[in-house]
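[1] Return atomic coordinates for the entry below.
(6 chains)
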Protein chains: 6
Amino acid sequence: MSAYRPIEYADASLQVRAVFDDIKRTRQVDDVNNFWKYLAHDPPALKRTWESIKEIMAPGALDAVTKEMIYLAVSVTNGCGYCIASHGAAARKAGMSEAMFAELMAVVGMANETNRLANGYRVPIDAAFER
Amino acid sequence: MSAYRPIEYADASLQVRAVFDDIKRTRQVDDVNNFWKYLAHDPPALKRTWESIKEIMAPGALDAVTKEMIYLAVSVTNGCGYCIASHGAAARKAGMSEAMFAELMAVVGMANETNRLANGYRVPIDAAFER
Amino acid sequence: MSAYRPIEYADASLQVRAVFDDIKRTRQVDDVNNFWKYLAHDPPALKRTWESIKEIMAPGALDAVTKEMIYLAVSVTNGCGYCIASHGAAARKAGMSEAMFAELMAVVGMANETNRLANGYRVPIDAAFER
Amino acid sequence: MSAYRPIEYADASLQVRAVFDDIKRTRQVDDVNNFWKYLAHDPPALKRTWESIKEIMAPGALDAVTKEMIYLAVSVTNGCGYCIASHGAAARKAGMSEAMFAELMAVVGMANETNRLANGYRVPIDAAFER
Amino acid sequence: MSAYRPIEYADASLQVRAVFDDIKRTRQVDDVNNFWKYLAHDPPALKRTWESIKEIMAPGALDAVTKEMIYLAVSVTNGCGYCIASHGAAARKAGMSEAMFAELMAVVGMANETNRLANGYRVPIDAAFER
Amino acid sequence: MSAYRPIEYADASLQVRAVFDDIKRTRQVDDVNNFWKYLAHDPPALKRTWESIKEIMAPGALDAVTKEMIYLAVSVTNGCGYCIASHGAAARKAGMSEAMFAELMAVVGMANETNRLANGYRVPIDAAFER
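    Okay, the predicted model is just below:
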C-alpha cells in the first residue's frame, strides 16, 4: 500500500494498533490524526515517534499549553501546513485563547524579522552572551 | 560609516540616542546590545523595530518568559546564531530555568522532525482541523 | 501569456520544443512534467536548468536512486509540495522501495531535529572536524 | 552548570555515562562528540535521541553511507554548521569518497534551486503525482 | 470568532475600519486583501504591521517595483504560498514585466543553490569581505 | 586534497584555470573568491555554476545592482554567512548605497515577518490572485 494513503485501525497490524490504542488512551480521543495513520507505514517510526512525543509533551517544567504553542511557533516558521492546523487545534484544546494566539503570532513574526536583520547587518555576538 | 560597524551612543544622532535611552530605561540596562548599535544605521528602522518589540514583548495574555522562549524557539529553528545567544540570555533573565530550556529544546527538535515527516508522507489535513 | 500557465508542446517555440524533446528522449516519457511547462516561459532558464539537471542526475559516483532520494530529502526539508510529489515519484521509478522511503524519511526527520538541538545548545565544532 | 558547556565523562552522572558508553561501544570511538556532551544536560533527551539515532542510522534498506549522505544533505540545506562538520566526517568515515561528496553537493544545490523555481512559478502538481 | 475566518469591513470595529480605510486610500483599492482581514483579529498587530509596511514599502532609495520584487524573492525562498500569490500580483501592478519576473526567479534559484554549495564546502569568508 | 581546502590557481588543472581566467576577465578582478576555489574540487560543477551565474547575473530586464540585491535578500533569509558577506560586497560594488542597503534589509525583515503571519493565520489566497 502506498505510503501516501492512511492506514485505518481496521487494516492495521497488531503492532500499529497497540500504538494507536496508546495514543487514543493518552489523549482521550476516539481516533488518531492522519499524521499517525500515515506514519503507520513505518511501524518502528510510529512507535519511536509516539513514545518520544508522549515523553516530550508531558507537562514538566513547562505546562502543556506552553509546549503546544512552541510546537506551533516552529511549525509556522517552517510553513508546515499540516502541523500548523493540527498543533493550532492542540494548543487551543490545551487552553490557548485567541488573545494568546495573537500574541504568539506577533512574537513569531517579529522573531523571523529580527533574525534576518541580525543576519543582514552581520551583528557580532555581544561579549556578554558568549559562552 | 559601514553598516557592519556598531554605532556607539557617543557617536549617535539625537534621534538614535532617544531610542537607545528608551531601550535602556525599559530594560533597566546600562548599554544596548549590538543588535541595536547596528540597526542604528537606519534610524527609522531602529525606532520602528524597537517600538514594535516593546509593544509585542510586553507581558499580556502571555508572560515575559513565555514570549522569550517562543522567540528562542524561532531563532533556533532558523539557525540565527546572534538571536540564539541574545534571546537565550533574555529568556534566562526573564526566568527560564535550565529545566525549562531543556524542555523547550526537546519540543523545538521534535517539531522540526515531525514537520518534515508530515511533509514527506504528504499527510492531508484532518477534516476536524479544517477552517 | 502569464507565467502561471503551462506552455504545452503545441504552443511552444522551436527552442522550447527542442528542450522538451530532449527531456522526453532522455527520460523515455511521452510528455514533460508541469515544472518544465512553466519554466518554458523563460527559454534560456529552461535550457540551462535542464542541461544542469541532466548532467547532475546522470549516474556517476552515486547511482540514480540515491540521487533522487537526496533530491527528495532536500525537498521535504524545504517543504516544497511540488518537488516532494515529483521527486517522490522519480525516486520510486528509479527503484526506491517503500522500505527505503521509510528509512529516508526517518533520517530526514532526525537530521532536522538534531540540527536544531546543535543550534540551540550552541555546540562548538569538535577539533577533530575542523578544517 | 550552563547548558552551553560540555559535560565530560568524568563529571557525568551514571545515567549519562551509560549512554556515553553505548555510543563509544557502538561507534568504536574513544570519546563522544561535543553534540552528546552538550545534550547531556538533559539526560532523558540524551538517551532518547541516542536510541533513536542508533535505530535510524543502522544499515537496513539503506546502507550506512547513504544514510549519512542524506543527513548531510539536510544539514547543508538548513545551514547547520556543526552538523555539516560532524556528518561530513561521519559520511567520509562510512565510505563517502570526494567524488561522491561532489555529486551529493551538486544534487543538494540543484534541489534547493528548483524547489524555489517550482514555488515561484506556482507549478501545480501533475495529476500523475497526485495521491 | 475564530482567527481562521476573515473579518469583513461590515463586521469590523471602528479601530479596524480605520486601518482598512487607510489601506484602501493608500493603495487605491476597493477592498483589502485577505491578509488584513485575518490579521484584524489582533487590532494592534493590524495597525502596527500596516504602518510598518506603509513606511517600508514607500518609494525611497529603492523604487516600488524593486521593493515588491525583493518581497517576492523572500516569499519564494520561504515557500509562503499566500505571499507568493499576493506579492507576485503586487509586483506586477508596480511594473514588473514577465521578463523581469523570469530574471528575478533565475537569481532567486541560483542564490538558493549557491547558498548551499557555500555551506556544504564550508567556504571561509574571504579576508576582503571581512568587517 | 580535502574539499575543505581552497585550490589556488598555481595548483589548478588547466580545466579549472580556464574557468578562473574567465571569472577574472569577466569581473575584472585579480583573483577569484574562495567560493570558486572550493568549488574547484568539482571541475564540472565549477564550470556549470560559473556559466549559469554569468548568464543569470548579466544585466537584462533587471540591472546588475538589482540582481545583486535580490541575491543578498535570499542569502540573508537563508542565513548563509559566506553569501551575505560576498554578495553584500558585490552589491556595493555594483552601486548599492547604504540607504539602499537599509531599505533592502527593511523589506527582507518585513517579508520574513508577514510570511509567518500569513502561515499562522492560515490566510487563504484571494480569488483575485488565483491563477
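
[2] Report the secondary structure element holding the residue minimising distance to the centre of chain A.
    Residue closest to the average C-alpha location in chain A (CA atoms, centre = their mean): residue A:71, at 4.4 Å. Using DSSP states H and E, residue A:71 sits in helix A:64-78.

[3] I'd say residue A:45 and residue C:106 touch.
    Yes - Residue A:45 lies in contact with residue C:106 (CB atoms under 8 Å); the separation is 5.2 Å. The way it works is simple: take the backbone N, C-alpha and C, and place the C-beta from them, glycine included.

[4] Next one: residue A:88 from chain B, what distance?
    Distance of residue A:88 to chain B, given as CB to the nearest CB, to the nearest Å: 7 Å.

[5] Tell me the residues of chain A that contact chain F?
    Applying CB under 8 Å from any CB of the partner chain, we find that chain A lies next to chain F at A:72, A:76-77, A:79, A:81, A:84-85, A:88, A:104-105, A:108-110, A:112-117, A:119-122.

[6] let's see it at 6 Å
    By CB under 6 Å from any CB of the partner chain, the residues of chain A that approach chain F are A:76, A:79, A:105, A:108-109, A:112-113, A:116-117, A:119-120.

[7] hmm, back to that, buried residues, the helix holding residue A:71. List them.
    By neighbour count with 16 or more other CB atoms under 10 Å in any protein chain shown, helix A:64-78 contains the buried residues A:64-78.

[8] Now do it: distance to the chain's middle.
    6 Å (CA atoms, centre = their mean, to the nearest Å).

[9] just to revisit the earlier point, would you point out the most distant pair within the residues of chain A next to chain F?
    Spatial extent of the residues of chain A next to chain F (CB to CB) is set by the pair A:105 and A:120 at 22.9 Å.

[10] what angle separates the helix holding residue A:71 from helix E:64-78?
    Here the directions of helix A:64-78 and helix E:64-78 differ by 120 degrees (axes from the mean of the first three to the mean of the last three CA atoms, to 10 degrees).

[11] Mind checking what helix or strand follows helix A:64-78 in sequence?
    Downstream of helix A:64-78, the next assigned helix or strand under DSSP H and E is helix A:81-93.

[12] How about that following helix and chain C, touching?
    No - using CB under 6 Å from any CB, helix A:81-93 stays clear of chain C, with a minimum separation of 8.3 Å.

[13] same for the next helix or strand after that helix, what does it pack against?
    Counting by DSSP H and E, the element after helix A:81-93 in chain order, helix or strand, is helix A:98-120. Packing contacts for helix A:98-120, counted by 3 or more CB pairs under 6 Å, 6 or more residues apart in numbering or on different chains; DSSP states H and E, involve helix A:64-78, helix B:43-57, helix B:64-78, helix B:81-93, helix F:64-78, helix F:98-120.

[14] Residues contacting helix A:98-120, please?
    With contact meaning CB atoms under 6 Å, 6 or more residues apart in numbering or on different chains, helix A:98-120 is reached by A:69, A:73, A:76, B:35, B:56, B:60-62, B:67, B:70-71, B:74-75, B:78, B:80, B:82-83, E:3, E:42, E:45, F:76, F:79, F:105, F:108-109, F:112-113, F:116-117, F:120.

[15] Any regions of chain A where pLDDT drops low?
    Scanning chain A for pLDDT under 70 picks out the ranges A:131.

[16] Leaving out chain neighbours, which residue sits closest to the residue in it positioned nearest to chain C?
    Chain A approaches chain C most closely through residue A:42 (3.7 Å), counting by CB to the nearest CB. Nearest non-adjacent residue to residue A:42, counting by CB to CB, 6 or more residues apart in numbering or on different chains: residue C:102, 3.7 Å away.

[17] what separates the one you found from chain E, distance-wise?
    Taking CB to the nearest CB as the criterion, residue C:102 is separated from chain E by 24 Å.

[18] so how many other residues sit close to that residue?
    Using other CB atoms under 10 Å in any protein chain shown, residue C:102 is surrounded by 21 other residues.

[19] again, but for residue A:24
    Neighbour count of residue A:24, defined by other CB under 10 Å: 15.

[20] Where does residue A:125 sit, in terms of helix or strand?
    Using DSSP H and E, residue A:125 falls within no helix or strand.

[21] need the contact list for it.
    Residues in contact with residue A:125 (CB under 6 Å, 6+ apart) are B:82, B:85.

[22] gap between it and chain D?
    Taking CB to the nearest CB as the measure, residue A:125 falls 12 Å from chain D.

[23] Same check on residue A:23?
    Remark: distance between residue A:23 and chain D (CB to the nearest CB) = 18 Å.

[24] Verify the stated contact: that residue with residue A:32.
    Yes - here residue A:23 lies in contact with residue A:32, judged by CB atoms under 6 Å, at a distance of 4.9 Å.

[25] Tell me which of these two has more neighbours.
    More crowded of residue A:23 and residue A:32, by other CB under 10 Å: residue A:32, with 25 against 18.

[26] any idea which element the more buried one lies in?
    For residue A:32, there is no enclosing helix or strand under DSSP H and E.

[27] Wait, the residue nearest to the centre of chain A touches residue A:87, no?
    Yes - if you go by CB under 6 Å, residue A:71 and residue A:87 touch, sitting 4.5 Å apart.

[28] do stretch A:68-84 and chain E meet at all?
    Yes - using CB under 6 Å from any CB, stretch A:68-84 reaches chain E at residue A:79.

[29] Now tell me what touches that stretch from outside.
    Contact with stretch A:68-84 is made by A:87-88, A:90-91, A:94, A:104, A:108, B:70, B:73-74, B:77, B:107-108, B:111, B:115, B:118, B:123, B:125, C:79, E:79, F:116, F:119-120, as judged by CB under 6 Å, 6+ apart.

[30] same thing but at 7 Å, please
    Stretch A:68-84 has contacts (CB atoms under 7 Å, 6 or more residues apart in numbering or on different chains) with A:35, A:87-88, A:90-91, A:94, A:96, A:104, A:108, A:112, B:69-70, B:73-74, B:77-78, B:104, B:107-108, B:111-112, B:114-115, B:118-119, B:123, B:125, C:79, E:78-80, F:116, F:119-120, F:122.

[31] likewise stretch A:45-57?
    Defining contact as CB under 7 Å, 6+ apart, one finds that stretch A:45-57 is touched by A:16, A:19, A:22-23, A:26, A:36, A:39-40, A:67, B:106-107, B:110, B:114, C:102, C:106, D:44, D:48, D:52, D:55.
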